[in-house]
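Trainee: Quick one, fold the following:
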Amino acid sequence: MDDQVYPPEADTRLLLAAALREVRPSDRVLEIGTGSGEIAHALQASAALVVATDISPHAALAAKRRGVAVIRTDLFAGICGAFDLVVFNPPYLPTSPDDRIDDWLEYALDGGPDGRAVIERFIEEIGRVLAPHGRILLLVSSLTGIDEVREAFSRQGYVSFAVAGERIEGETLVVLRAIRDLCAR
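Mentor: Residues are numbered from 1 along each chain as shown. Okay, here's the model as predicted:
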């Protein structure tokens with residue numbers, strides 16, 4: 001695999017398992033930050049449509065080679081339509097400016113100073129492409145602050161809860177499932 005593409009790791013496998021439990025045959029699925037295309041590729045057999053995005057040209061090419069319909073873009077910029085399920089394994093590692101490595105793999109890892117820079121932008125903008133009764137699966141780490149991410153969802157009118165979790169090498173990984181809070185309207 002290209003050393004500029006995030007390889008499938010424990011976080012990928014945890015999110016994939018949750019996505020396979022969540023996906024429905026009629027779903028239009030959008031995977032943000034597909035990386036190697038592992039998740040999008042696996043979901044193709046279970047959903048009506050699977051589209052993926054990645055900001056990295058290396059990752060977009062890797063996913064395309066796996067037969068994934070992939071668009072090279074930042075999050076979901078330029079994406080139209082409503083998706084029933086949106087899946088994202090974001091860059092969540094807290095990263096100081098001195099820690100940055102300035103290559104394409106950085107986009108898969110660098111979550112900003114608190115690990116939530118990309119996550120918060122995703123949560124603020126996801127409503128534009130999420131179907132009215134759509135679901136979100138977002139992988140987060142204890143390094144990022146799981147409660148803080150749930151609060152960010154809440155501020156944007158979503159209810160979130162953990163559907164999977166695993167302790168790995170000094171951190172806890174959790175898959176949050178989020179839906180619009182229809183009672184808050």
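Trainee: tell me the contacts of E31?
Mentor: By Cβ atoms under 8 Å, 6 or more residues apart in numbering, the residues touching E31 are 39-40, 43, 50-53, 86-88. (C-beta placed from N, C-alpha, C; glycine too.)
Trainee: Redo those residues as CSV? Include pLDDT and distance to I32.
Mentor: Output for the contacts of E31, formatted as CSV (pLDDT from 0 to 100; distance: Cβ to Cβ, whole Å):
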residue, pLDDT, distance to I32
I39, 97, 10
A40, 98, 10
L43, 98, 13
V50, 98, 12
V51, 97, 10
A52, 97, 8
T53, 95, 6
V86, 98, 7
V87, 98, 7
F88, 95, 4
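Trainee: so of those, which ones are in helices?
Mentor: Per DSSP state H, helices hold the following members of these: 39-40, 43.
Trainee: Now which of the contacts of E31 would you call buried?
Mentor: Among these, the ones that count as buried by 16 or more other Cβ atoms under 10 Å are 39-40, 43, 50-53, 86-88.
Trainee: Redo those residues as CSV? Include distance to L16.
Mentor: Shown next, in CSV, are the buried ones among the contacts of E31 (distance: Cβ to Cβ, whole Å):
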residue, distance to L16
I39, 5
A40, 10
L43, 8
V50, 13
V51, 17
A52, 13
T53, 17
V86, 15
V87, 9
F88, 12
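Trainee: which of those residues lies closest to V163?
Mentor: For the buried ones among the contacts of E31, the residue nearest V163 by Cβ to Cβ is V87; the value is 12.0 Å.
Trainee: Out of the contacts of E31, which is nearest to F76?
Mentor: T53 (6.1 Å).
Trainee: Looks like that closest one contacts V29 (just checking).
Mentor: No - with contact defined as Cβ atoms under 8 Å, T53 does not count as touching V29 (11.8 Å).
Trainee: Would you mind listing the residues touching both of the two?
Mentor: Common neighbours of T53 and V29 (Cβ under 8 Å, 6+ apart) do not exist.
Trainee: Tell me the first helix or strand C-terminal of the lowest-mean-pLDDT helix or strand in the chain.
Mentor: Sorted by mean pLDDT, DSSP states H and E, the helices and strands of the chain end with helix 106-109, the least confident at a mean of 49. Using DSSP states H and E, the helix or strand that follows helix 106-109 towards the C-terminus is helix 117-125.
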